[in-house]
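1. Next input, structure requested:
(chains A and B)
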2 protein chains.
Amino acid sequence: MRHLLTLALSMLLALPAAAQTTGPLTIDKQGSFFIGGREVQSDALSTLPAYAPSGTVTVDQMYVRYQIPVNVTGRPLVLVHGCCLTGKTWETTPDGRMGWDEYFVRRGHPTYVVDQAWRGRSAGSIAAINRVRSGRAPADELPTVFSAGHEPAWAIFRFGAEYPQVFPGMRFPLEAQGEFWKQMVPDWLNSVPTPNPTVPALSELARKLDGAVLVSHSQSGIYPFQTAALDRAGIAGIVSIEPGACPAATSDMAPYKGLPILVLWGDYVGLAPRWTPRLKGCRDFAAAANAAGGQVEVAVLPEMGIKGNSHMLMQDNNSLEIADWLAGWLAKHVGPKG
Amino acid sequence: MRHLLTLALSMLLALPAAAQTTGPLTIDKQGSFFIGGREVQSDALSTLPAYAPSGTVTVDQMYVRYQIPVNVTGRPLVLVHGCCLTGKTWETTPDGRMGWDEYFVRRGHPTYVVDQAWRGRSAGSIAAINRVRSGRAPADELPTVFSAGHEPAWAIFRFGAEYPQVFPGMRFPLEAQGEFWKQMVPDWLNSVPTPNPTVPALSELARKLDGAVLVSHSQSGIYPFQTAALDRAGIAGIVSIEPGACPAATSDMAPYKGLPILVLWGDYVGLAPRWTPRLKGCRDFAAAANAAGGQVEVAVLPEMGIKGNSHMLMQDNNSLEIADWLAGWLAKHVGPKG
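-> So this is what the prediction gives:
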């Protein structure tokens, strides 16, 4: 009955119905590759006798894994994780449900999951560590790498106001939090070259895909905007989920003119001092962009009646309902390749 | 005609024929998860004001991505990469051909591709870096992390005797070497806890899969042997490709008794001083193990008429022919789940 109701509602709203989450999946093609990368000479590659200290290494490249469905009905989605995480963000949820990487394939979207430069399978340089270790540089030249601890991350991800409190009705699968903490990796963001190589890599990937939607999250939230400012070519739309920052309302709005942009937020933002000003900043950006011919929508899930979402909404217990809503937004505002 | 000949030969030898490398692929299930992991308290997680220095992080876990075919005809394969690389080793080759991760799925084997502990999507600890950076520890307490430069790696991977020489007939796709260098990541191996957490994680994964073949490469070559020595449960066979070391011939052979084990080598081993003694060590191990009731086979591809393979034989231009040969070996010596 509920299924019929959902189906009827989807038809009324001209939204695509939900995809199957069980049963075999047929894919047309899958694989992985790198975008970008820079060759660097170094004499500090190793302090171990078994490996030579001098040579060339390649850094700054961005790892990409993709799957293309047999029946493509939507735009390719490039899924970019946030701080202290990797592309794993979009895969199987901590409690074992299907990730957006597969679900959007089942909905007809090719998906491209990346590891940001210097994260996960995308190599960074450790030469500075070896220079300090071998006494050739002072300790303050070490990289400013950090790990987010579970306790401070708790409030950042809005599981509750502070560890271990939980917001009422919060939808992140906390019973599987151990599996989520395993997703977190050290973050070299502050030692990565400027501009972050992930941005030109996203641009190159978008041009290669010739009409992709860049989907970012949190720390990477600003990247699709920076990518569009670099070069609009290949970018069919932007979905920025709970961005650490939107472009400043005073910045040049030309890069966003006529581009379908969604800034998507979960619940409890008003209860989180870290996030409240960020949502306000995005509303200010949207107003400025739209006044200049933009198509920016700021969507706050609880304002649409969808309550209880954390910062990790792609892993929350209603993650596929949000994916369905997002697929509808994409169908309406971006559409398939013309 | 050649296809018919191959097919006829396969039937004669009772080997499975080659799988399709083009056309859609139907998978029963896919996803990713972590195995293992340990919670660590630290006060050196960050030297940045935006992130708290104190808290709990989870390290030592092993990332696993898997695909299960609709028609399972062979054992699950756990694919473990080598030094300075990640699970990317087994995915799309540098020149864009299908990786073993997908090809073995097409051949009926579930595949489980891992990132070793402290590599790729499997987090390690950076607390030692921050302790030194904040003046709380001396520089020699920094991790002994290294990167393999292209030039020294050239000889290690046996593209030629030394950079940039090429062995005659060598099959690695050097025209795409840039993409291969992008696969390389810094290696924390020498700062990882002992025993390497990848080994108990492989054991837990094998038990979970209840009859897996552990396929290792190079630096990870010894891990399946160490895993079997830890606990034979769940291990249906071992394929060690060009291992950095086999177990010592003088070690206890009880863990390997009755277990189908293949140690597989490419070409030019006799021309590579780094590798020649390692092959000899594996032959000595095989002799000792077989004298004690073992089923260890050391297979050297050029001795079987397959010439030109580098150390990266899963990426060489005949990688799928080797996969076919390996599938035949598995069918004959390990077989499907009973």
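
2. Near the nearest residue to residue A:59 once chain neighbours are set aside, how many other residues are there?
-> Nearest non-adjacent residue to residue A:59, counting by Cβ to Cβ, 6 or more residues apart in numbering or on different chains: residue A:125, 4.9 Å away. Yep, even glycine has a C-beta here, placed from its N, CA and C like the rest. The tally of other residues near residue A:125 (other Cβ atoms under 10 Å in any protein chain shown) stands at 24.

3. pretty sure residue A:125 is in a strand, no?
-> No. Checked against DSSP: H, G, I helix; E, B strand; the rest coil, residue A:125 lies outside a strand; its state is coil.

4. Might you report the residue contacts of it?
-> For residue A:125, the set of contacting residues under the criterion of Cβ atoms under 8 Å, 6 or more residues apart in numbering or on different chains consists of A:40, A:42, A:57, A:59, B:147, B:186.

5. Make TSV out of these and add secondary structure.
-> Shown next, in TSV, are these (three-state DSSP):
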residue	secondary structure
A:40	strand
A:42	strand
A:57	strand
A:59	strand
B:147	coil
B:186	coil
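
6. quick one: which of these has the most company?
-> When neighbours are taken as other Cβ under 10 Å, the top entry among those is residue B:147 (29 neighbours).

7. I figured it hits residue B:186, correct?
-> Yes. Distance between residue B:147 and residue B:186: 5.0 Å, which falls inside the contact criterion (Cβ atoms under 8 Å).

8. Between the two, which contacts overlap?
-> When contacts are counted by Cβ under 8 Å, 6+ apart, residue B:147 and residue B:186 are jointly contacted by A:123, A:125, A:126, B:84.

9. Tell me which two of these sit farthest apart.
-> The most widely separated members of these are A:125 and B:84, with 13.4 Å between them, by Cβ to Cβ.

10. what is in contact with those two at once?
-> Listed as contacting both residue A:125 and residue B:84 by Cβ under 8 Å, 6+ apart are B:147, B:186.

11. number of nearby residues for residue A:149?
-> A count of neighbours around residue A:149, defined by other Cβ under 10 Å, yields 26.

12. Check residue A:103 too.
-> By the other Cβ under 10 Å criterion, the neighbourhood of residue A:103 contains 23 residues.

13. Just read off the phi/psi values of it.
-> For residue A:103, the backbone dihedrals (degrees, to the nearest 10) come out as phi -60, psi -40.

14. Show me which of the contacts of residue A:125 is closest to residue A:163.
-> Sorting those by distance to residue A:163 puts residue B:186 at the head of the list, at 31.2 Å, by Cβ to Cβ.

15. Verify the contact between that closest one and residue B:144 for me.
-> No. Distance between residue B:186 and residue B:144: 10.9 Å, which falls outside the contact criterion (Cβ under 8 Å).

16. The longest strand belonging to chain A to strand B:25-35, inter-axis angle?
-> Once chain A is assigned using DSSP state E, the strand that runs over the most residues is strand A:25-35. With axes from the mean of the first three to the mean of the last three Cα atoms, to 10 degrees defining the directions, strand A:25-35 sits at 60 degrees from strand B:25-35.

17. where's residue A:205 relative to residue A:276, distance?
-> Per Cβ to Cβ, to the nearest Å, residue A:205 is found 33 Å from residue A:276.

18. For these two, work out which one has more neighbours and name it.
-> More neighbours surround residue A:205 than the other of residue A:205 and residue A:276, with 25 against 12 (other Cβ under 10 Å).

19. Out of the helices and strands in chain A, which is least certain?
-> Of all the helices and strands that make up chain A, the one with the lowest confidence by mean pLDDT, DSSP states H and E is helix A:2-12; it has a mean of 48.

20. Show me what from the stretch 101-250 of chain A comes close to chain B.
-> A:102, A:115, A:120-121, A:123-127, A:129-130, A:132-133, A:135, A:139-140, A:142-153, A:178-179, A:181-186, A:190 (Cβ under 8 Å from any Cβ of the partner chain).

21. Tell me where the model's unsure across chain A.
-> By pLDDT under 70, the weakly predicted segments of chain A are A:1-16, A:338.

22. how does it look with 50?
-> A:1-2, A:6-14 (pLDDT under 50).

23. Now do the helices in it.
-> Read by DSSP state H, chain A holds these helices, from start to end of the chain: A:2-12, A:100-106, A:127-133, A:150-156, A:177-181, A:198-209, A:223-230, A:276-291, A:319-333.

24. what sits against residue A:166?
-> By Cβ under 8 Å, 6+ apart, residue A:166 lies in contact with A:159, A:160, A:174.

25. okay but the last one is in contact with residue A:159, surely?
-> Yes. Between residue A:174 and residue A:159 there is a contact under Cβ under 8 Å: 6.4 Å.

26. more crowded one of those two?
-> A direct count of neighbours by other Cβ under 10 Å for residue A:174 and residue A:159 places residue A:159 higher, at 25 against 17.

27. how about the closest residue in space to residue A:121 that isn't next to it in sequence, what does it touch?
-> For residue A:121, the nearest residue in space outside its immediate sequence neighbours is residue A:63; the separation is 4.0 Å by Cβ to Cβ, 6+ apart. Counting by Cβ under 8 Å, 6+ apart, residue A:63 makes contact with A:32, A:34, A:87, A:114, A:115, A:120, A:121, A:122, B:88.

28. burial of the last one, as a residue count?
-> With neighbours defined by other Cβ under 10 Å, the count for residue B:88 comes to 27.

29. Quick check: closest non-adjacent residue to it.
-> Distance criterion Cβ to Cβ, 6+ apart; nearest residue to residue B:88, sequence neighbours excluded, is residue B:183 at 4.9 Å.

30. Contact partners for residue A:318?
-> With contacts defined as Cβ under 8 Å, 6+ apart, the neighbours of residue A:318 are A:171, A:306, A:308, A:309.

31. Max pairwise distance over these: which two?
-> The most widely separated members of these, counting by Cβ to Cβ, are A:171 and A:306 (9.4 Å).

32. More neighbours: these two, which one.
-> Taking other Cβ under 10 Å, residue A:171 and residue A:306 do not tie; residue A:171 has more neighbours (22 against 19).
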